[in-house]
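Undergrad: Quick one, fold the following:
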Amino acid sequence: MNKIAFKNVLFLDIETVPEEASFLDLSEEKQTLYAQKTKYQRKEEFTPQKFYERAGIWAEFGKIICISVAYFVEKEGVNQLRVRSFFNDDERVLLLEFKELLDTHFKKRNQLLCAHNGKEFDFPFIARRMIIHRIDLPQKLNLFGKKPWEVPHLDTLELWKFGDYKHYTSLKLLTSILGIPSPKDDIDGSEVAHVYYKEKNLQRIVHYCEKDTIAVAQLLLRFNNQPVLEEKNIVRV
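TA: Modelled structure (predicted):
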């Protein structure tokens, strides 16, 4: 694997939920469109209403409630990972804050975005939601007219595939087999919507999102045969 300048990589993870707390809160048109969109994913026993708890995986029916980012800095000869989160009930606010970060600090050609399954999920989801909110895409997410080798995205899932495109490996499995410290999860992805809408505990989701972002950074270190970071070198800003 080619050596990567870690200081030029912005690691990220997003957490998404259905755009409304309940299927019945959608307009009749949106309910019909959701039923059509999910027709082939739903089994016979799942009505669109019962299946709505999974709506957060589609940018057309979900919204982002948290984007956590992390980046490496060198301090006294030691790698330090700094972690920051953008979170808000108002999706447009957090998207504008994230865009400002990219436009101000991550617009150079040699800088990259990195996420686990980011090319299939995180990056397109953010871009689609920005377009829905009429936000101009930052350079790092605007892929119109770009050739594949010009796309400034790294994907730890893709790197682990080594060309085996039918192979999916979860972030949780990879951290386990590669010996990356991962404290017992407070929640998992399937519980995010419940924690957000029922418990109204966004901070709990932010903490979960940050842990995944840190894990992605640790993965890239291990892929390059470098030691993982100790907790004392992970700083939340």
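Undergrad: wait, residue 110 sits on residue 4?
TA: No - taking CB atoms under 8 Å as the definition, residue 110 is not a contact partner of residue 4, at 10.4 Å. From N, CA and C alone the C-beta is placed, and that goes for glycine too.
Undergrad: more crowded one of the two?
TA: When residue 110 and residue 4 are compared for neighbours, residue 4 comes out ahead with 15 against 7, by other CB atoms under 10 Å.
Undergrad: Tell me, what's the model's pLDDT at the more buried one?
TA: Reading off the confidence values, residue 4 has pLDDT 77.
Undergrad: Surely residue 168 and residue 160 touch.
TA: No - under the contact definition of CB under 8 Å, residue 168 does not touch residue 160, with a separation of 9.5 Å.
Undergrad: When the two are compared, which one has more neighbours?
TA: Remark: of residue 168 and residue 160, residue 160 carries more neighbours, 17 against 12, as counted by other CB under 10 Å.
Undergrad: what's the nearest residue to that one if we skip its chain neighbours?
TA: Spatial nearest neighbour of residue 160, excluding adjacent residues (CB to CB, 6 or more residues apart in numbering): residue 169 at 5.6 Å.
Undergrad: Could you do residue 178 as well?
TA: Sequence neighbours aside, residue 222 is the residue nearest to residue 178 in space, at 4.8 Å (criterion: CB to CB, 6+ apart).
Undergrad: What segments of the chain are helices?
TA: Taking DSSP state H to define them, one finds helices in the chain at 28-37, 48-51, 91-105, 122-132, 156-161, 171-177, 192-197, 202-223.
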